[in-house]
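Asker: What would the 3D arrangement of this be:
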Amino acid sequence: MKAKRHTIVVHGGAGTWEPKLSKHGLDGVKKAAKTGFEILAQDGTALDSVIEAVACMEDSGVFNAGYGSSLNILRLVEMEASIMDGRTLKAGAVGLLRDIRNPVRLARIVMEKTDHVFLVGQGAERLAAIYHLERREPISERRLRHYEEQIRILNEGKAQLPKLAALIKKHPEVFKLGTVGAVALDKAGDVAAATSTGGFPLKLPGRIGDSPLIGCGTYADNQCGACSATGVGEIAIKLVLAKTVCNLLNEGKTAQDAAEIAIDLVNQRMTDTYNSMGLISIDMSGGIGAAHNSSNLCWAYIEATKKEPVTSLNAKFMKPRS
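Answerer: Numbering: from 1, shown residues only. Reported below is the predicted structural model:
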């Protein structure tokens, strides 16, 4: 079989990237893309590639995943992650994690070592202990400062707290949506996807977003391609957004067209709420896609024809409908 054009695409989150943090974000996705691509270049699997790329971003402290995750309303971290192997359709996902260094690695253990797809809370933490996964305090000083600022903004509502969506629109620099993710195609022609997040800032305890939900935040299938989503999880859940992109790929759309159509769908159907979203995708020929309706999408890609990752804070911007 002729080798495919091995490629990886990563994202560090949709939302608003402040100028002082944008360089760190771009450096972070560049490093993650190189980490994943080195595995592909050495005949490694797409699954290994996306896991290592996402773990790299979980460790960076720049993104809302792993170290540096957002805090919920009770000042606690509850992390989520998922992976999917396009060759076998096997998947693993975890949620409500407090101190696992790399949630994406625990998602792999769920996929490979259990009969399940999705574990949360104490059950997931116990599995991590069985397999001696490294623990790490995920709350960074920067995230603590953000939390205090978010609480201050909420308290400015005086007698009645404003709606969170209105706050986000007024103060987008505080409520960044920094989910991380990766999609890849390896030389054998297999695809995979992975996504990880600390969740929505000031979320209610126990809230689970799209990142660990197969088909919503993550999807991969060798019959079409792969997708990872970032943004408001509830929107990706309602539209089963990652699977929607893959369905479009299955219909013959390019990776870029599929991402753009899906973001346009968000703009059409989710007009009465804060609808910031971003998508990255890859098709079975190694074609890539990236689109967003958010202010920014921090992302990078590298393929066999390039020596260094291409990085950007923007992809195809799909203007939200008023």
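
Asker: mean confidence for the host helix or strand of G28?
Answerer: Assigned by DSSP states H and E, G28 belongs to helix 19-41. Throughout helix 19-41, pLDDT has a mean value of 95.

Asker: Show me what counts as buried in that helix.
Answerer: 21, 24-26, 28-37, 39-40 (16 or more other C-beta atoms under 10 Å). Quick note: C-beta positions are derived from backbone N, CA and C, even for glycine.

Asker: any idea which of those is closest to T305?
Answerer: Among the buried residues of helix 19-41, F37 lies closest to T305 (C-beta to C-beta), at 11.8 Å.

Asker: Does R142 fall in a helix, a strand, or a coil region?
Answerer: On the three-state scheme (DSSP: H, G, I helix; E, B strand; the rest coil), R142 is labelled helix.

Asker: From K306, how far out is it?
Answerer: Distance of R142 to K306, computed by C-beta to C-beta, to the nearest Å: 32 Å.

Asker: Report the next helix or strand after the lowest-mean-pLDDT helix or strand in the chain in sequence order.
Answerer: Of all helical and strand segments in the chain, the minimum by mean pLDDT, DSSP states H and E falls on helix 164-170, at a mean of 58. Beyond helix 164-170 on the C-terminal side, the first helix or strand identified by DSSP H and E is strand 180-185.

Asker: Neighbouring strands of that next one in the sheet, and parallel or not?
Answerer: Sheet partners assigned to strand 180-185 using DSSP bridges are listed as strand 7-15 (antiparallel), strand 191-197 (antiparallel).

Asker: Take those strands and write them to a markdown table, including distance to G233, mean neighbour count and mean pLDDT.
Answerer: Shown next, in a markdown table, are the strands paired with strand 180-185 (distance: least, C-beta to C-beta, whole Å; neighbours: other C-beta atoms under 10 Å; pLDDT from 0 to 100):
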| stretch | distance to G233 | mean neighbour count | mean pLDDT |
| --- | --- | --- | --- |
| strand 7-15 | 11 | 31 | 95 |
| strand 191-197 | 8 | 34 | 98 |
